[in-house]
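Undergrad: next come a sequence and a model predicted from it.
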Amino acid sequence: MTPPEPLPFSADIDLEARRALVRDLAGLDGIDVLEVLSNHDGTPGQVPGAPAQRTLLVHLLGGPVPSGWTADVVRVVGGVREDPDLNPVRVDWAFPAVAVVGVAGTPATDPLDGVTAADRQLVQQALPADDQRQRALVVRTSSSGDWSTYTLRLVGPGGVGAPAGIDVPLSTTPFTFTVDCPSDLDCAPATETLPVVADLLPGDYLARDYEALRSRLLDRLATLLPDWTDRNPADPAVMLVELFAALGDRLAYWQDAVAVEAYLGTARRRTSVRRHARLLDYTVHEGCSARTLLAFTTDSDLTLPRGTPVTDLPVQPGVEVGSPIEAVELGGTVFETAADLSLRPERNALPLHAWGDPSHCLKVGATAAFVTTPSGTDPGLLAGDLVVLVDRPIGGMPREGDPSRRFGVRLVADARPHTDPLAPTLTVWELRWGAADALTASLVVTTPGTDQALAAVLANVVVADHGASVVDEPLVPPTVLEPADYRPRLQRPGLSRVDRSMPTTASAASIATPDARSAEAWLDLYDGQRTWTPRPDLLGSGRLATHVVVEPEPGGVSRLRFGDGVSGRAPVSGTTALATYRVGGGVAGNVAPDRLVRLLALADGRDPVGAGAAVSVWNPLPGTGGTDPERLEQVRQLAPAAFRQQLRAVTSADYAVVAEQDPGVQRAVARRRWTGSWYAQEVTVDPVAAHADDPNLLPGVIAALEVRRMAGIDVELERPVYVALEIGLGGCVLPGHLRADVEQLLRETFTSGLRRDGRRGFFHPDRFTFGQPLRLSDVVAAAMTVDGLAWVELTRFARAGASAFDAAASLEAGELPMAPRELLRCDSDVNNPEAGHIEISLGGGS
C-alpha cells in the first residue's frame, strides 16, 4: 500500500519576509520564485518540439542547485484534486539547469533521461546567464494541469521534510500553469462617470446647530427689519439671536438624543440598552469577578475573617500597602475571601496514602482518596469542606509541583478513619467527593523505589473573589437634597460584581464557573438608619423596600438610582449615605496559579491574622470566571430573541427538550400515554455517565418539568430500556506481536469505562444514546486502531439471547437498530453477564 503523502508546511507567514532573512544566512537556502515556461504556438521564442506549460524553472535564493537533485526531491500537489493519488500532474523528470544546458567551463550532461534538444533550447533561452542556471532546477511535469492553484514542494529523503540545507517554510511555493492564456477581453477595470447633480437646495436646511440657527435667525430678521443692519455682538438684537440659537442647539440635541435612545437598535447609552433589553426579558450582564481557591499554611489555630485580602503585588522596599485599594492603585490584583475560615496546622498539607502500593496513582474520574495524619490527630474534615489535591516533587513543597495536576474538590461526606497495619503510627482518613469534581487527569501518589508520597491534600482552603473593598466612603454628591432627582455615583470606577447565587454545597467545579448573568453588585449603603442593597431593577420592590439600582456608565462609573416611594423606598432629604463596596472584576482577575502570595490588612485597617501567628497563602488553582461587561452590540443581537424562549411544554418533544436542559442529562425522549383516567407524559432520560449516580439528578429534572407542564397532564420519569449485546470478534495478530498484549489492547478499546490514557472506551455510556444504532463497520474500525492487528472479522453481532437466525440476519445487515427508548450495553463484566459481553479470539502472533 502506498504510504500517505505527508502534509506540506502550511503556516500562514510572510514568505517575502522569510526570504529576506534566509538570504543573509550561510548554509540555508529556499525557493525564490517559480517560473512556468509557456511555449505557446505563436509566442516570441516558441521552440518547436518542446511542450507548452509543462516546463518549470525553480529558482533558489542563493544556490547552487545540488547536482544530485532529481525527480525524487520534487512533488506537485494541489489543484482541484487534492488527493495525491488522483492528482493528474506528476513529475516526469527534474535536473539542475547546469546539467541541462551547462555553464562556462562545464558542459551539459548528455544524455539525460527524457531531456530532448528542444528542451535544452527552451531552457537556454529562459536562462541566458550562468548565475541564473546555477540557481535553477528544471522540472518537467506530466501535464499542464488546469486553472487551479498547485503547490510545488522540495522534499527530503523518503518524501519527508525538506532537503538538506533548504528552509522548511521556503521548501514549498504555490503556482498556476495558466501564465500565458490569451483573451479577447480587456483586463482593465471599467470606469463609469457619474453625472453631477446640481444642488437644488444650497445649504443644509436640516442643520440645527448653533451656527446654522444663528444664520437663519439673522436672515429672517434681515427680511422683517430691512433697516436694521447692526451686527455688532454687543447689539441687544444680536445678543438675543445668539441666545435663541444656543437654546435651539441644546433643544435640538436633546430631541435627537431622545429619538436615538428610544429604540434598542439605535440607543447609545448603556442604561438605555439595559432597559430596552429588560422589557424583552433579557438580562444584560455587567461582568463578573473571577473566583479561585486560596490555600493557607499556619503554625497555630486561628480564624480568618470573611473578606481577608490577598494580592499578587510583590513586597517592595520603601513601598507600604496599608489597604486593599492601595494595592489596586499600585497595579496589583486583589482577591478577598468569601467566608470565614478556621485554620489548623494539621490541615496544612495532608499526604496521600497509597496503602503500600509503590506506584499508586489516582486515575481520571477518581472520586475518593486516602490521606494520613499522625495517630491521635483529627484534621476535622467534614462534608462540605473544600480541599485541593496537589502534585509535588520528591522532597519538595506542594507549590513546587505541576500546576496541571491540581484539583479542587468539595467533600460530600465526613472523613472516615481507618488503620493500616503497615503504618501503625498513622491514621488513614478516607475522603470522598462528588462526580462533578471527578479528577480530569491522573495524579501520581507514589513512584517505584520511593516510599514518600508525591501528592498531598491542602485542607486550609477557602473561596476568594476578585475585588478590593472600600469601607464607608461618601457618595458624590454625599447629601440628598431633592429625593426625586438624587442620582449619586460612587467615587471609584469599576464596581465589582459577584455571583452570590451559588449554594454553599455546590461542587468545586461549579464554584470555578460563576454565572455573569447572576452576578450582583458588591455594594451596601448605610444612611444612619437603614441599609440599602442593590437589585437589578425596582419592578418588584415595595414602597418601603430599601433597594437601589446600580447603572453603569462609560468609564466604569457606577450611578445609583433609588425608588420613588411606589417602586422602592425614596431617600430622605438631608440624609448622607456611606458606601461599602468592592472595586475590581472582569478578565483581569483570571490570574495564573501561584500568583496570590501576599496577605494584606483588612479594608478597615485591622490585621486578619493577629500577633503571634505565622500565616502564608497561595493560590494553587488559577482564577477563573472573570468576565467583562456584555458588549452593547451583542445585546442588540440577542435581546430580540430572548422572549421567544418557550417556557411551557405542550408536545412530547417539548418535555424532552426541558429535560435535556439539565447538564446531567445527555439525551431525553418523551411519549404521551393514556393512564385510564388522564394523559401522562413519560420522560426517559439518558444521564451523563459522571452524573449517573447523582441523587439530585432526577429530582431536578422533575422540578423543571413540573414548572412547564400543561395543566391536567402528569409527568412521570421512566428508566431506559437497556439492550445487552453479544459480539464475537476474531482476528489475526501480526508476527512479532504477542497475542496476549493485542487482546488486552482490544479489551481496553472496547471497554465501557475509561481507557488508561483517559479516553472513553468504545462502549462508554456517553458514546451512545437513545435510538442510536450500532454499526458493524464502526466496531471493525475501532478494532483496527489496535497496533499489531492484521485483520479482524465479526463472528457474532446480535442482541443477547438472539436466535441463530436473528444473529445471522443482523450480521448480514451490518447494523443493530435501537428503539427510541433503548440504550445498548456491552460492559463485558464477568460478574454481570446480563450487561452484554464481547468474545475475542485471536490467532497468529506469538
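TA: Sure, I can see it. Numbers count the residues shown, from 1 in each chain.
Undergrad: show me what contacts residue 836?
TA: Going by CB atoms under 8 Å, 6 or more residues apart in numbering, residue 836 touches 723, 724, 725, 726, 727, 763, 800, 824, 825, 826, 827, 828. Using the backbone N, CA and C atoms, a C-beta is placed for each residue, glycine as well.
Undergrad: now swap in residue 427 and tell me
TA: 372, 373, 374, 375, 376, 377, 378, 417, 418, 419.
Undergrad: can you tell me the strand partners of the host helix or strand of residue 791 and which way each runs?
TA: Assigned by DSSP states H and E, residue 791 belongs to strand 789-799. When pairing is defined by DSSP bridges, strand 789-799 lines up against strand 721-733 (antiparallel).
Undergrad: output the partner strand as PDB, nothing but the C-alphas.
TA: Output of strand 721-733 as PDB, limited to C-alpha atoms (Å, rounded to 0.1, in the frame of the first residue of the first chain):
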ATOM      1  CA  VAL A 721     -34.500   0.100  28.200                       C
ATOM      2  CA  TYR A 722     -31.000  -1.400  28.200                       C
ATOM      3  CA  VAL A 723     -30.200  -3.800  25.400                       C
ATOM      4  CA  ALA A 724     -27.300  -6.200  26.100                       C
ATOM      5  CA  LEU A 725     -25.200  -7.200  23.200                       C
ATOM      6  CA  GLU A 726     -23.300 -10.300  22.200                       C
ATOM      7  CA  ILE A 727     -20.300  -9.700  20.000                       C
ATOM      8  CA  GLY A 728     -17.800 -12.200  18.700                       C
ATOM      9  CA  LEU A 729     -14.600 -10.800  17.300                       C
ATOM     10  CA  GLY A 730     -11.900 -12.800  15.700                       C
ATOM     11  CA  GLY A 731      -8.600 -11.700  14.200                       C
ATOM     12  CA  CYS A 732      -5.000 -12.300  13.200                       C
ATOM     13  CA  VAL A 733      -2.000 -10.900  15.000                       C
END
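Undergrad: point out where this protein drops to low pLDDT.
TA: Applying pLDDT under 70 to the chain flags residues 1-12, 81-87, 180-206, 395, 448-453.
Undergrad: circling back to that earlier point, and the contacts of residue 836 as CSV, adding neighbour count?
TA: Shown next, in CSV, are the contacts of residue 836 (neighbours: other CB atoms under 10 Å):
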residue, neighbour count
723, 17
724, 17
725, 23
726, 18
727, 23
763, 25
800, 16
824, 20
825, 22
826, 24
827, 21
828, 21
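Undergrad: relative to residue 434, which of these is nearest.
TA: Using CB to CB, residue 827 comes nearest to residue 434 of the contacts of residue 836, at 23.2 Å.
Undergrad: so what's the closest one up against?
TA: 752, 763, 835, 836, 837 are the contacts of residue 827 under CB under 8 Å, 6+ apart.
Undergrad: give me the distance from the next helix or strand after the strand holding residue 791 to the chain's centre.
TA: Moving toward the C-terminus from strand 789-799, the next helix or strand (DSSP H and E) is helix 804-813. Counting by CA atoms, centre = their mean, to the nearest Å, helix 804-813 is centred 45 Å from the centre of its parent chain.
Undergrad: where does residue 646 land in three-state SS?
TA: Look at residue 646: counting by DSSP: H, G, I helix; E, B strand; the rest coil, its state is coil.
Undergrad: before we move on, the earlier item: now, which of the contacts of residue 827 sits nearest residue 126?
TA: Of all these, residue 126 sits closest to residue 763, with 63.5 Å by CB to CB.
Undergrad: helix, strand or coil for that closest one?
TA: coil.
Undergrad: roughly how far does it sit from residue 740?
TA: 22 Å (CB to CB, to the nearest Å).
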